[in-house]
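# 3D, please:
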Amino acid sequence: ISPRLMSSAQVSARTTAPDTIAGDMTTAAMAAAGVTRGFAGGLVRTGARAMGASRAPPSPPPAAAARRLQRKTFSATAETSSDAADVAGTDPDGGDAPHVPVLMRQVLDAFDGRQVRCYVDGTMGAGGHASAIIRQHPELRTFVGFDVDPLAHSIARPRLEAAAAEARGASTSGRDAASSIHGPLAINTVQSNFRHMRERLAELELIDGAVDAILMDLGVSSMHLDRPERGFSFMNDGPLDMRMGPGAHMSASDVVNGWPEEELARIIRDYGEEKHWRLLARRICERRGEAPIETTRQLVDALGRIPGVKKGRSGGIHPATRTFQGIRIAVNEELAVVEEAIPAAIDALAPGGRLAIITFHSLEDKIVKNAFRLAAGRPQPSDRPLSAWEPQPELPPKIVKLVTRKPLVADKSEVDDNARSRSAKLRICEKL
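Model prediction:
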């Protein structure tokens with residue numbers, strides 16, 4: 001109502017009622033309430049609510065939402081294509097996890113309900129999967145963990161011992177009292193690449209057919225990516241190293257500065273699956289001709305911008321991702337290691353024993369898929385179509401059965417909590 005049309009009583013009520021409220025308020029109280037005196041002495045809102053309790057501040061986002069927000073930035077999640085770095089989280093043992101194991105539920109299900117007395121972890125890392133399996137199987141008597149990285153051994157050993165003590169305590173309390181009479185768990189940590197599994201198991205007097213369960217979690221871990229001095233990450237500057245362990249024959253610097261352009265192009269194309277492989281190999285050679293490329297930042301600068309990449313991203317990943325992946329695979333001979341290790345692992349299994357392998361990119365998964373099919377007596381893909389009139393290739397002997405026809409993958413909740421799991425695939429076979 002316009003003040004001109006209001007009666008004197010209405011105008012009086014309009015002007016004196018707020019004064020009555022504000023008259024009893026001190027300046028400090030008015031400031032706290034978010035009001036001040038306005039025209040004719042009335043209360044004017046200054047940002048907060050004039051009357052009553054102020055709104056509560058918004059609650060912080062849940063952990064999963066915070067991690068999703070973190071992944072929208074240039075974080076380590078895009079560092080190695082499928083081998084994306086883990087988002088920080090907590091491990092099953094409590095506390096900050098140096099490496100968040102992926103597909104934990106699926107791995108435990110693979111060995112659930114089976115007697116596992118001898119377990120081999122081909123890629124022990126920080127011991128996340130191994131600790132969970134030790135807890136799940138109090139009947140376990142022998143554990144063997146392979147890792148080339150001394151850091152992994154220093155982190156994993158205490159966690160494995162704590163898991164063993166917990167499992168033995170639970171078994172003696174009645175859950176599996178019969179298993180406790182067989183003695184403690186023998187924990188063997190082997191600083192060696194799992195490509196030497198056959199030889200190292202023989203040294204431990206574990207002959208072929210003595211192992212009940214084997215797990216291999218391939219790829220690079222956040223323990224490597226989070227340490228710039230290891231040279232795996234292009235998000236932090238560090239020496240161009242990329243060796244999984246100190247015993248590697250060469251470093252990334254040797255490859256980048258010493259290999260001919262044709263070989264660099266090949267590994268970027270075949271191992272990194274990068275479509276601009278020619279361009280990037282040429283740029284590396286041009287830059288190293290000016291001065292040696294000695295750090296990860298210098299390598300990223302040498303790669304430069306890639307045609308067609310918008311906002312510094314290619315397919316949702318950093319443009320240096322695939323090149324770093326290709327160089328890393330070449331330095332550590334990762335694909336050759338997998339090809340050599342799978343037959344040895346299958347031979348080590350006892351009848352009914354299971355081999356589970358987690359992969360993170362198509363190159364690894366293809367090797368695992370074909371190796372499992374070969375062991376299952378399936379025909380291998382031919383280079384050319386075979387006529388029905390041609391002699392058919394002899395089928396290989398069947399020594400395993402495929403537990404997973406298609407690979408198991410992470411569910412949505414795990415992907416939300418751990419970005420690395422989005423590209424993880426688990427394949428399982430069982431020894432006949």
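
# what about stretch 365-384, how long is it end to end?
The first residue of stretch 365-384 is 22 Å away from its last residue (CA to CA, to the nearest Å).

# which residues are contacting that stretch?
Residues outside stretch 365-384 that contact it (CB atoms under 8 Å, 6 or more residues apart in numbering) are 335, 338-339, 342-343, 346, 357, 359, 393, 395-402, 407, 425, 427, 429. In short, each C-beta sits where N, CA and C put it, glycine included.

# same check, this time on stretch 229-248
Contacts for stretch 229-248 (CB under 8 Å, 6+ apart): 74-76, 79-80, 85, 147-150, 191, 193, 220, 224-228, 250-253, 256, 293-300, 318, 320-321, 324, 327-328, 331-332.

# buried residues in it?
By neighbour count with 16 or more other CB atoms under 10 Å, stretch 229-248 contains the buried residues 230-236, 238, 240-244, 248.

# quick one on the thing from earlier: buried ones among the contacts of stretch 229-248?
When neighbours are counted using 16+ other CB under 10 Å, the contacts of stretch 229-248 contain these buried positions: 75-76, 79-80, 85, 147-149, 191, 193, 220, 224-226, 228, 251-253, 256, 293, 295-300, 318, 320-321, 324, 327-328, 331-332.

# from those, which ones fall inside helices?
Counting by DSSP state H, those place 224-225, 252-253, 256, 296-300, 321, 324, 327-328, 331-332 in helices.

# partner strands of the strand ranked longest in the chain and their direction?
With residue count as the measure and DSSP state E as the assignment, the chain has strand 349-359 as its longest strand. The pairing partners recorded for strand 349-359 under DSSP bridges are strand 211-217 (parallel), strand 425-431 (antiparallel).

# and P381, how many neighbours?
Using other CB atoms under 10 Å, P381 has 8 other residues around it.

# cool, R305 as well?
8.

# now it. Nearest residue, chain neighbours left out?
What sits nearest to R305 in space, not counting adjacent residues and going by CB to CB, 6 or more residues apart in numbering, is P319, at 7.4 Å.

# what about that neighbour, neighbour count?
Counted with other CB under 10 Å, the burial measure for P319 works out to 22 neighbours.

# quick one: it and R283 touch, right?
No - counting by CB atoms under 8 Å, P319 stays clear of R283, with 11.6 Å between them.

# what touches both of those two?
The contact sets of P319 and R283 overlap at L303 (CB under 8 Å, 6+ apart).

# give me the buried positions along the one helix or strand A170 maps to.
With secondary structure defined by DSSP states H and E, A170 is part of helix 150-170. Within helix 150-170, the residues that qualify as buried are L151, A152, H153, I155, A156, R159, L160, A163, A164, A167, R168, counting by 16+ other CB under 10 Å.
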